[in-house]
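**Q** no letters, just coordinates:
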């Protein structure tokens, strides 16, 4: 397989040319990645030349609508779904909240939803609140030592009353990649739909959602080199079954059924820049052209191979270290490059501040993962030190991080 050309990759991100960010190694990508130039350029162009109500009869309006439609069509092609199965919303948290209201209206009291205690709160809290409406909430619990979700422990929770199983592709603190295809098959066999939170996975390669089989898949564009939007795939069989949450006159348009407010026109249009970027990576490395799942899969593998090679030395440096607990597996092949460390007797945020003195941008806190931290016996008030990166990170930056950790820890 072709090796990722990191110099080319970094040339696609304006942040690496900014004087204010020079000599700063960015290790808080799980909180939001840098935006690629294709997204920045599209957003700038829209605000300068298209900032009118879209889909009107005059040129600026017509082109604005065409650019929004282009973003939907090209991102849907990368994800392996139909264009109208992709919705845009202000954030993943908001998208899940709207979905939960639809399920609340659709489900009957006594029917059940399975949630996990590995999730970021976005794919947990809105579902749990439905318990007040008589919907049973069953918790699929992680191993308190490893943070792992064992698929075998899901099976006893499944019966004919379960309508939905919600789980993350990977946790934003545990990092282990969950077997989505296996879990989805189990849920479908029991007659349940699945809702997969891909926020912490998608930055490391857009998945082929058609191949995964998920009924709902969510992620955040601002963590995948794009604008601040939440992308939500709802497969047609489910989306047309759930009650409309949008304006009544949009009820027959699948991609509008779960967006109660009007979309952010400029940011939706700018999402096409994410597809531009993926296609430019594929072209530069001799991969498939034309977008779609083959292009996405090629770039996904490029990203994962590069990230895995950088991640293992970091895991080796922190695993088993005295006073440090690594959350999730120590094998880079089994996880995303989101590394959370619980520091024995130490709050994480001050340690992140000390790393900043060494030019390392990292985070300390609970990262809205209060439930998994508590499940693993970690005080959310102390939090964890989170070191996260993506494919534009270099080996030299990882070496700098490891050296800074030696000094700070």
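**A** Structure received. Owing to the predicted nature of the structure, the values given are computational and were not obtained by experimental measurement.

**Q** how close does residue 96 sit to residue 373?
**A** 20 Å (Cβ to Cβ, to the nearest Å). No exception for glycine: its C-beta is placed from N, CA and C like everyone else's.

**Q** break down the stretch 301-409 of the chain into its strands, ranges please.
**A** For the stretch 301-409 of the chain, the strands defined by DSSP state E, counting those that start in this stretch occupy 324-326, 338-343, 360-361, 363-365, 384-388.

**Q** reformat these as JSON lines; add mean pLDDT, mean neighbour count and distance to residue 265.
**A** Below are those laid out as JSON lines (pLDDT from 0 to 100; neighbours: other Cβ atoms under 10 Å; distance: least, Cβ to Cβ, whole Å):
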{"stretch": "strand 324-326", "mean pLDDT": "98", "mean neighbour count": "18", "distance to residue 265": "43"}
{"stretch": "strand 338-343", "mean pLDDT": "98", "mean neighbour count": "25", "distance to residue 265": "32"}
{"stretch": "strand 360-361", "mean pLDDT": "98", "mean neighbour count": "19", "distance to residue 265": "31"}
{"stretch": "strand 363-365", "mean pLDDT": "97", "mean neighbour count": "21", "distance to residue 265": "31"}
{"stretch": "strand 384-388", "mean pLDDT": "98", "mean neighbour count": "27", "distance to residue 265": "31"}
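
**Q** quick one, which of those is nearest to residue 212?
**A** Taking Cβ to Cβ, strand 338-343 is the member of those nearest to residue 212, at 19.6 Å.

**Q** which helices and strands sit right next to the closest one?
**A** Contacts defined by 3 or more Cβ pairs under 8 Å, 6 or more residues apart in numbering; DSSP states H and E place strand 338-343 against helix 292-318, strand 324-326, helix 348-356, strand 384-388.

**Q** could I get those as JSON lines with distance to residue 362?
**A** Output for the helices and strands packed on strand 338-343, formatted as JSON lines (distance: least, Cβ to Cβ, whole Å):
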{"stretch": "helix 292-318", "distance to residue 362": "12"}
{"stretch": "strand 324-326", "distance to residue 362": "14"}
{"stretch": "helix 348-356", "distance to residue 362": "5"}
{"stretch": "strand 384-388", "distance to residue 362": "5"}
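
**Q** what's the most buried one of the ones you listed?
**A** Highest mean neighbour count of the helices and strands packed on strand 338-343: strand 384-388, a mean of 27 (counted as mean count of other Cβ atoms under 10 Å).

**Q** report all helices and strands that that strand contacts.
**A** If contacts are counted by 3+ Cβ pairs under 8 Å, 6+ apart, strand 384-388 sits against strand 338-343, helix 348-356, strand 363-365.

**Q** tally of neighbours for residue 347?
**A** 15 (other Cβ atoms under 10 Å).

**Q** gap between stretch 75-82 and the chain center?
**A** How far stretch 75-82 lies from its chain's middle: 16 Å, per Cα atoms, centre = their mean, to the nearest Å.

**Q** how does this protein divide into domains?
**A** Per automatic domain parsing, the structural domains of the chain span 6-34+294-408, 43-275.

**Q** how long is the last one from one end to the other?
**A** In other words, domain 43-275. For domain 43-275, the first-to-last residue distance is 14 Å (Cα to Cα, to the nearest Å).

**Q** quick one: average pLDDT of that domain?
**A** Here domain 43-275 scores 97 as its mean pLDDT.

**Q** skipping its backbone neighbours, what lies nearest residue 356 in space?
**A** Spatial nearest neighbour of residue 356, chain neighbours left out: residue 362 (7.6 Å); criterion: Cβ to Cβ, 6 or more residues apart in numbering.

**Q** dihedrals phi and psi, the one you found?
**A** Main-chain torsions, residue 362, degrees, to the nearest 10: phi -140, psi 180.

**Q** which ones are touching it?
**A** Residues near residue 362 by Cβ atoms under 8 Å, 6 or more residues apart in numbering: 27, 28, 352, 355, 356, 385, 386, 387, 388, 401.
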